[in-house]
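> pasting a predicted model and its sequence here:
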Amino acid sequence: MGADDRDGAAGDDDDDDDGASVERAAQIALAIPVSVSMTMNTLRDLVTLVFVGRARATVELAGAALAMTTINIACKSVLVGLASAVNTLAGTAYGLGAYERVGETTQRALLVTTTYAALTCAVFATRGEEFLAATGQDAGVSREAGRFLRAATPGVLCYAWTQCTMTYLHSQGITRPQALGGVLAAIAHPILCYYFVWRWEIGVIGAALAWSASSAVCLATQVAYATVWRRMFRERDEALALKRDMCWPGWQLRRAISTEGLREYFALALPGVAMKMEWWASEMTVVMAGYLPNPEIALSALSIYGSTNAFVFDASIGLGVASLTRVTHELGAGNAKRARRAVAVSFQLIACVGVIASVGIIVARKDWANLFTSREEVRELVSELMIALAAYALFDCAGAVQAGVMRACGKQSLAAKIVVVAYWIIGIPLSLALAFGAHMGALGLVLGGLVATVVHTGALGFVIARRLDWDAEVVSARDRHALSTSHAAEAGYVPRSSSFALLESARANDLTRQYGAAV
């Protein structure tokens with residue numbers, strides 16, 4: 001897969017300018033496929049609503065939208081948080097050379113995410129409609145949302161497994177299969193929607209089945225790369241190929257369910273879930289818009305605001321993943337200087353993305369709403385909200401990279417506390433006060449979120465700039481690995497050694513080389 005054949009950055013003896021250039025190329029190569037994949041996923045969600053909205057009654061569109069919001073809050077955000085521990089643990093292990101721990105950690109993630117997804121699907125299938133109705137939602141909307149949730153259960157499971165395979169590949173510096181899967185799913189999804197929703201006329205159930213099927217395409221693409229593609233088209237660098245071979249030691253279920261292993265995993269996974277409370281706060285903003293005067297206009301405008309914000313986030317999250325991957329690799333390898341440089345390069349790149357996004361939003365703010373609606377009231381409100389979004393984008397882009405750095409250092413718990421304070425103690429109450437107390441309506445909700453994001457970004461920036469000691473982070477990363485290794489030895493687990501012997505042979509023959517770009 002082209003750049004997949006390289007997995008490192010400039011050596012320690014490179015001068016700063018050359019090292020930064022190589023690091024920049026490596027992060028861009030990592031980031032672009034992730035951003036493409038995320039954008040395709042956002043498009044799939046929009047396409048789902050478009051097909052339901054044009055083919056079915058308004059109540060079915062509202063039900064589909066409510067169901068997708070429920071999946072975002074109860075499933076996607078939690079599963080992303082649970083799987084995020086793989087990035088920290090496996091990424092550090094890969095940089096350290098403990099390659100078999102990459103597969104072991106992924107298997108533990110599969111166990112955890114599958115259990116959660118199965119429990120959530122059981123609730124969706126049996127009590128989804130009743131739960132939504134109990135929250136005060138309209139009975140007809142709750143009924144349609146319940147039908148969507150029941151049919152979407154296969155897609156939830158696929159999403160859980162996709163997160164695990166994706167983080168498994170990310171920890172090795174591989175992101176292109178994620179982009180390919182996202183593009184293939186985006187191509188397949190409207191075709192599936194056409195047949196399920198329009199041709200066969202099965203409404204929201206058809207839309208949910210189409211979403212599940214296209215989610216399976218994402219999963220299948222990544223699994224096919226890991227199990228088939230790499231066997232047929234090995235990396236040109238044999239040492240790199242051997243390292244990636246060792247990342248899957250075969251199924252180690254006894255290790256995956258070990259008490260100490262699960263304790264280590266949840267110590268990072270649960271705070272990782274809490275970090276996603278920022279996502280929940282964003283969804284809450286839309287919910288609160290339903291209680292404003294003229295809720296139809298407010299909800300429509302905030303939906304357009306949210307969709308625009310999602311595309312901006314898709315552009316920035318790629319650099320968040322790139323910084324996470326590169327920093328974990330360097331910390332595992334014991335390279336404090338290069339870890340610090342990777343962070344500096346990430347912030348330089350994300351600053352460019354943030355400025356471009358903000359300028360684009362300002363320039364297009366009056367015409368953008370025309371793509372979504374013809375109602376003048378909605379277009380005027382969207383134009384007003386876009387000014388706030390332009391400022392929000394600058395800070396939110398930086399926050400994506402900051403979150404990646406915090407996860408790379410195993411600081412999920414601290415980052416989660418900052419999220420709670422910024423969004424739930426400051427942001428949500430301020431949004432309510434401005435929207436309802438100061439009668440600023442939808443703009444007040446958005447301004448509260450903007451203030452929360454500024455606080456969040458400022459606090460994380462202070463921690464990274466003033467509180468992180470990179471030499472100490474190298475020690476912490478190795479301590480995490482040493483602790484896990486000691487527990488494994490106590491349990492009688494011994495890694496297989498044949499692959500390590502092959503790798504040493506490859507190194508002896510000078511087959512290893514420092515990389516200049518990664519995927």
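Structure's in. What do you need?
> contacts, neighbours, all on C-alpha from now
OK.
> point out where the chain drops to low pLDDT.
Residue ranges of the chain with pLDDT under 70: 1-17, 55-58, 483-519.
> okay, now the domains of it?
Here the domain parsing of the chain from automatic domain parsing is 32-274+481-506, 276-468.
> tabulate those (CSV), appending distance to residue 18.
Output for the domains of the chain, formatted as CSV (distance: least, C-alpha to C-alpha, whole Å):
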stretch, distance to residue 18
domain 32-274+481-506, 21
domain 276-468, 12
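> ok, which of these comes nearest residue 23?
The closest of the domains of the chain to residue 23 is domain 276-468. By C-alpha to C-alpha, the value is 6.5 Å.
> for residue 396, what are its contacts?
Residues in contact with residue 396 (C-alpha atoms under 8 Å, 6 or more residues apart in numbering) are 313, 453, 457.
> for stretch 467-482, buried residues please.
470, 473, 474, 476, 477, 478, 481 (16 or more other C-alpha atoms under 10 Å).
> so which residue is smack in the middle of the protein?
Most central in the chain under C-alpha atoms, centre = their mean is residue 80, positioned 5.9 Å from the mean C-alpha point.
> please verify my assumption that that one contacts residue 273.
Yes. If you go by C-alpha atoms under 8 Å, residue 80 and residue 273 touch, sitting 7.3 Å apart.
> intersection of neighbour lists for these two?
Residues touching both residue 80 and residue 273 by C-alpha under 8 Å, 6+ apart: none at all.
> helix or strand right after the helix or strand containing residue 26?
Element membership of residue 26, judged by DSSP states H and E, is helix 16-55. Counting by DSSP H and E, the next helix or strand C-terminal to helix 16-55 is helix 58-71.
> past that following helix, which element shows up next along the chain?
helix 77-96.
> who are the packing partners of that next one?
Helix 77-96 sits against helix 100-134, helix 153-170, helix 259-275, helix 295-333, helix 376-408, helix 470-490, with contacts defined as 3 or more C-alpha pairs under 8 Å, 6 or more residues apart in numbering; DSSP states H and E.
> for the fifth one, buried residues please.
This means helix 376-408. Result for helix 376-408 [16+ other C-alpha under 10 Å]: buried residues 378-379, 381-386, 388-408.
> what of stretch 436-446?
Here stretch 436-446 shows 436, 440, 441, 442, 443, 444, 445, 446 as buried, counting by 16+ other C-alpha under 10 Å.
> may I have the distance across it, first residue to last?
In stretch 436-446, first residue to last residue: 12 Å (C-alpha to C-alpha, to the nearest Å).
> which residues does that stretch contact?
285, 289, 292-293, 298, 302, 384-385, 388-389, 430-435.
> tell me which two in those are the farthest apart.
Across the contacts of stretch 436-446, the longest distance by C-alpha to C-alpha is 21.9 Å; it joins 293 and 389.
> OK, contacts around the spatially closest residue to residue 189 that is not a sequence neighbour?
The shortest distance from residue 189 to any non-neighbouring residue, by C-alpha to C-alpha, 6 or more residues apart in numbering, is to residue 214 (5.6 Å). Under the criterion of C-alpha under 8 Å, 6+ apart, the neighbours of residue 214 are 185, 186, 188, 189, 192.
> could you tell me which of those are located in helices?
The helices, defined by DSSP state H, take in 185, 186, 188, 189, 192 from those.
> distance of residue 326 from residue 76?
Between residue 326 and residue 76 the distance is 25 Å, computed by C-alpha to C-alpha.
> which of these two has more neighbours?
residue 326 (35 against 21; other C-alpha atoms under 10 Å).
> now the residue lying closest to that one once chain neighbours are set aside: which helix or strand?
Computed as C-alpha to C-alpha, 6+ apart, the closest residue to residue 326 that is not its neighbour in sequence is residue 342, at 6.6 Å. Assigned by DSSP H and E, residue 342 falls within helix 336-368.
> what's that helix packed up against?
Using 3+ C-alpha pairs under 8 Å, 6+ apart: helix 336-368 touches helix 16-55, helix 295-333, helix 376-408, helix 470-490.
> what's the angle between it and helix 295-333?
Relative orientation of helix 336-368 versus helix 295-333 (axes from the mean of the first three to the mean of the last three C-alpha atoms, to 10 degrees): 160 degrees.
> how far does helix 336-368 sit from its chain's centre?
In this view, helix 336-368 has its centroid 18 Å away from the chain centroid, taken as C-alpha atoms, centre = their mean, to the nearest Å.
> sort out which residues of it are buried, please.
So helix 336-368, judged by 16+ other C-alpha under 10 Å, has buried residues 336, 338-343, 345-347, 349-351, 353-355, 357-358, 361-362, 365-366, 368.
> ok, now stretch 67-80?
Quick answer for stretch 67-80 (16+ other C-alpha under 10 Å): 67-73, 75-80.
> perfect, I'm done here.
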